[in-house]
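In: What shape does this take:
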Amino acid sequence: MAVTEPLSPKPMRASHIQLAQLMMPEHANLQGNVHGGWIMKLVDEAGALASTRHAGRRVVTVAIDQMVFRQPIRIGDLIILDAEVTYVGRTSIEVEVQVIAENPISGQRTHTNAAYLVYVAIGEDGKPAPVPPLVAENPAEKARMEAARQRQEQRLAEKKAGEHR
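Out: Numbering: from 1, shown residues only. Alright, predicted model coming up:
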C-alpha cells in the first residue's frame, strides 16, 4: 500500500462560494413561485462547488438533510446561495447552504431556507478519496463545526439503524 502525505488543513472560509441567479418565468409555477426542485438544484450546485473547492477533487452528493421552504421565491427575485464547508470526515464533507431571495429593485432580502448537504470526494479511480482536515478559526466556526459533527453522528446512527431493519 502506498504511503500518502497528510493533506494540509483548510479553513472554512477557503470553501466559501456565493451564487446568484435571477429567477425567470421558466423557473416558476403558474402562481409565480419558483419551483422547490429548481431551488434544490441550485442548493446542490452551490454545495458541490464549496465541497469541490475544499477537497480539490470531484465530489458526489450522498445526502441532503430536510429542506423547509419558509418563504416563497418569486419570478424577478435574485436568489443568492451562500455555501461553506462545516465538517469533514475522512472522505465526506458537510456543506451548509443559506438561501436568500432579494428584490433587485428595492434591495430587500428574505432568508428563505438553509440546507445541509453531504458529499463524498472521489479519486481518479472512482472510489472515495481522503479530504483535507477543516480548521475553525474562531469560536463561532468551532460551534458550527461541533453542530455539524453532531448532525453527522445522527446521520450515521440513522443509517446504521436502517440497515438493521
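In: From now on I want contacts and neighbour counts done on CA atoms only, so please keep to that.
Out: Noted.
In: Can you give me the neighbour number for Ile75?
Out: 20 (other C-alpha atoms under 10 Å).
In: So it sits against Gln31, correct?
Out: No: counting by C-alpha atoms under 8 Å, Ile75 stays clear of Gln31, with 9.4 Å between them.
In: Please list all residues in contact with Ala115.
Out: Contacts here follow C-alpha atoms under 8 Å, 6 or more residues apart in numbering; on that basis Ala115 touches Val43, Ile64, Asp65, Gln66, Met67, Glu96, Val97, Gln98.
In: Check Ala28 too.
Out: Taking C-alpha under 8 Å, 6+ apart, one finds Val34, His35, Arg74, Ile75 in contact with Ala28.
In: Nearest to His164 among the residues you listed?
Out: Ranking those by separation from His164, with C-alpha to C-alpha as the measure, puts His35 on top at 35.9 Å.
In: so where do the helices sit in this structure?
Out: In chain order, the chain shows helices spanning 36-55, 139-163, with DSSP state H as the criterion.
In: What residues sit buried inside the shortest one?
Out: What it means is helix 36-55. Buried residues in helix 36-55, counted by 16 or more other C-alpha atoms under 10 Å: 36, 39, 42-55.
In: Report the backbone C-alpha coordinates of it in PDB.
Out: Output for helix 36-55, consisting of C-alpha atoms alone and laid out as PDB, is shown next (Å, rounded to 0.1, in the frame of the first residue of the first chain):
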ATOM      1  CA  GLY A  36     -38.800  23.900  -5.000                       C
ATOM      2  CA  GLY A  37     -37.000  21.500  -7.200                       C
ATOM      3  CA  TRP A  38     -35.200  24.400  -9.000                       C
ATOM      4  CA  ILE A  39     -34.100  25.800  -5.700                       C
ATOM      5  CA  MET A  40     -32.900  22.300  -4.600                       C
ATOM      6  CA  LYS A  41     -30.900  22.100  -7.800                       C
ATOM      7  CA  LEU A  42     -29.200  25.400  -7.100                       C
ATOM      8  CA  VAL A  43     -28.500  24.500  -3.500                       C
ATOM      9  CA  ASP A  44     -26.900  21.200  -4.700                       C
ATOM     10  CA  GLU A  45     -24.700  23.100  -7.200                       C
ATOM     11  CA  ALA A  46     -23.600  25.600  -4.600                       C
ATOM     12  CA  GLY A  47     -22.800  22.800  -2.100                       C
ATOM     13  CA  ALA A  48     -20.900  20.800  -4.700                       C
ATOM     14  CA  LEU A  49     -18.800  23.800  -5.600                       C
ATOM     15  CA  ALA A  50     -17.900  24.500  -2.000                       C
ATOM     16  CA  SER A  51     -17.000  20.900  -1.300                       C
ATOM     17  CA  THR A  52     -15.000  20.600  -4.500                       C
ATOM     18  CA  ARG A  53     -13.100  23.800  -3.500                       C
ATOM     19  CA  HIS A  54     -12.300  22.200  -0.200                       C
ATOM     20  CA  ALA A  55     -11.500  18.700  -1.400                       C
END
